[in-house]
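A.B. asks: Fold the following, please.
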Amino acid sequence: MATASPLAKTPQQADAPPPQSELPRPADAVSMVVRPAQGIAAAGASRLVPLDWMRGLVMVLMTIDHASGAFNANRISSDSSASWKVGSALPLDQFLTRWITHLCAPTFIFLAGAVLALSVERRLAKGEAPGKVDRFILTRGLIIVLLDALWMSWAFVRPGAVLFQVLYAIGASMMCMALLRRLPTAWLVGGAAALMLGGEALTGLLLWATGEKPILPVALLFTGGRFPPLMIAYALVPWLSVMMLGWGFGRLLAKGEAVRPARWLALGGLGALSVFAVVRGLNGYGNMRLLRENGSLAHWLHVSKYPPSLSYLALELGIMALLLAGFFALARRAGSARWMRPLLVLGQTALFFYVLHVHLLQFAAWALGMSRKAGLGASYLASLGLLLLLYPLCVAYGRYKAAHPEGWARYL
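C.D. replies: Predicted coordinates:
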C-alpha cells in the first residue's frame, strides 16, 4: 500500500482507536456522569460515559472500513489530491461506506486528548508529582507509536515496511502534550485553531521550499510521505492540533457539570459545520487542493484527509461535537446505560480491540479466498461477525483492567 505526501502520494489508511486510561467498571456507568458542582478529579473518575459511547460508535464505523479494506474489491479510497484523478466516478454506496469512517480519526484523537487531560487532572488532584505524570504520558505515547511500527504495520502493508498512521499520530501527540499541557487552556485552543486555519498555507510553503518533494522531517511533521521502508500516512502537527483541542475540552469537563458540556459541544459543532460550509462552498483555500468538482452530495463530502484539510477537520469535528452533545443529553435519561452497554464496552477497550481486529479481518479474508474479491455485502457481514467475536473478549479484558488499574494494562 503506497503512502505519500499530501500533495504527492498518500496511502489511504483506516483509522485507529485512541489510547485508553484507567477503565471504569461497567456497573458504575451512570454514577460516572459528573455530579453537580463536582469536578471529574474530585469525583475520582478519569472519563465520562458519553465519551466512551462516542468512541464505541466510531469503533463500529472503523471496523466497517477495515472490513471493506480486507474484502471489498471496489473500495474507494481517494482522500487526497494526489490519489484522486479529476473526473473520476464516485459511486455513492462505495463512497459513503468510506466517508462515514472519516469520523473515526478526528474523534479518536480528540477524545484521547480529553481523556488524558481528565486523567492528568485526577492524578494531580491526588498529589502525584508532575514529573511522574510526565513520565507516564511519555511512556504511554512511546508504546503506542511502537505498536504502530512493530505490530500494526504488517497488517496493513507488506512485510518489512513500517507504516506510521493514526497510532503514530496519537502516541507522538501524547508525548508532545507532556510539555504542552503546561500552557493555559486559551493558548492550547487558540494554537489548535491557528494550526487548523493555517495548516494549508504552512504545508504549501514547506513543499515549495523542498521542491514539492518533502524531506523526512517535513513529512513526519506536516505532509506525510514515502521513504522506504518507512511510509507516513498521518503527519504529526495537523493531528496534534486536534489533540490540543480535545485537551482543552477535557479541562472544561474537569470543572464539573456546571459548565454544561452539551451546550458547548452543540455550539462548537454548529460553528465548525458553518466553517465547513463556507470553505467548501468557496472551493479554494482550506481544501488541500482536493476541490469540489460539482454540487453533488458526494463532491461536497469528498474532502482531503491526507493531510487533513480545514474543510475535513471542520466537517468531522462538527459532526462529532453534535453527536457527543446528544450522548451527554442521553446520559441524563434513566435506563440509557443498559442498552448503550455495547458501545460503552467497545469505547473502554478501544486499543485492545484495535490491535486484534485488523489482523483477524485480513486473516479471515485470506482464509476464505476473498481478499479484496468480494463486495459491500460481504464487508458489512464481516464487520458484524468480528464485532460479535471480539465483544466478549473486550468484556473480559475490561474487567481485568478495572481490577488491575496500576498494572501493564493501563498502557493498553
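A.B. asks: Relative to residue 80, how far out is the residue nearest to residue 100 when sequence neighbours are not counted?
C.D. replies: Distance criterion C-beta to C-beta, 6 or more residues apart in numbering; nearest residue to residue 100, sequence neighbours excluded, is residue 61 at 5.5 Å. (Each C-beta comes from the backbone N, C-alpha and C, glycine too.) Per C-beta to C-beta, to the nearest Å, residue 61 is found 20 Å from residue 80.
A.B. asks: who has more neighbours, these two?
C.D. replies: residue 80 (28 against 18; other C-beta atoms under 10 Å).
A.B. asks: Could you list the low-pLDDT ranges of the stretch 51-200 of the chain?
C.D. replies: Nowhere does the stretch 51-200 of the chain drop to pLDDT under 70.
A.B. asks: about what we covered before: wait, the residue nearest to residue 100 touches residue 104, no?
C.D. replies: Yes - the pair residue 61 / residue 104 is scored as a contact, 5.7 Å apart, by C-beta atoms under 8 Å.
A.B. asks: Now do the same for the residue nearest to residue 100: helix, strand or coil?
C.D. replies: Residue 61 carries the three-state label helix when classified by DSSP: H, G, I helix; E, B strand; the rest coil.
A.B. asks: mind listing what it touches?
C.D. replies: By C-beta atoms under 8 Å, 6 or more residues apart in numbering, the contact list for residue 61 reads 100, 101, 103, 104.
A.B. asks: would you turn these into TSV with secondary structure and neighbour count?
C.D. replies: Output for these, formatted as TSV (DSSP: H, G, I helix; E, B strand; the rest coil; neighbours: other C-beta atoms under 10 Å):
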residue	secondary structure	neighbour count
100	helix	17
101	helix	22
103	helix	21
104	helix	28
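A.B. asks: May I see those organised as JSON lines, with distance to residue 174 added?
C.D. replies: Shown next, in JSON lines, are the contacts of residue 61 (distance: C-beta to C-beta, whole Å):
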{"residue": "100", "distance to residue 174": "27"}
{"residue": "101", "distance to residue 174": "23"}
{"residue": "103", "distance to residue 174": "21"}
{"residue": "104", "distance to residue 174": "18"}
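A.B. asks: which of those lies closest to residue 266?
C.D. replies: residue 103 (17.0 Å; C-beta to C-beta).
A.B. asks: who are the neighbours in contact with the closest one?
C.D. replies: Here residue 103 is in contact with 58, 61, 316, 319, 320 (C-beta under 8 Å, 6+ apart).
A.B. asks: Can you list which of these are found in helices?
C.D. replies: 58, 61, 316, 319, 320 (DSSP state H).
A.B. asks: Contact partners for the closest residue to residue 322 other than its chain neighbours?
C.D. replies: The shortest distance from residue 322 to any residue other than its chain neighbours is 3.9 Å, reached at residue 269 (C-beta to C-beta, 6+ apart). Neighbouring residues of residue 269 by C-beta under 8 Å, 6+ apart: 317, 318, 319, 320, 321, 322, 325.
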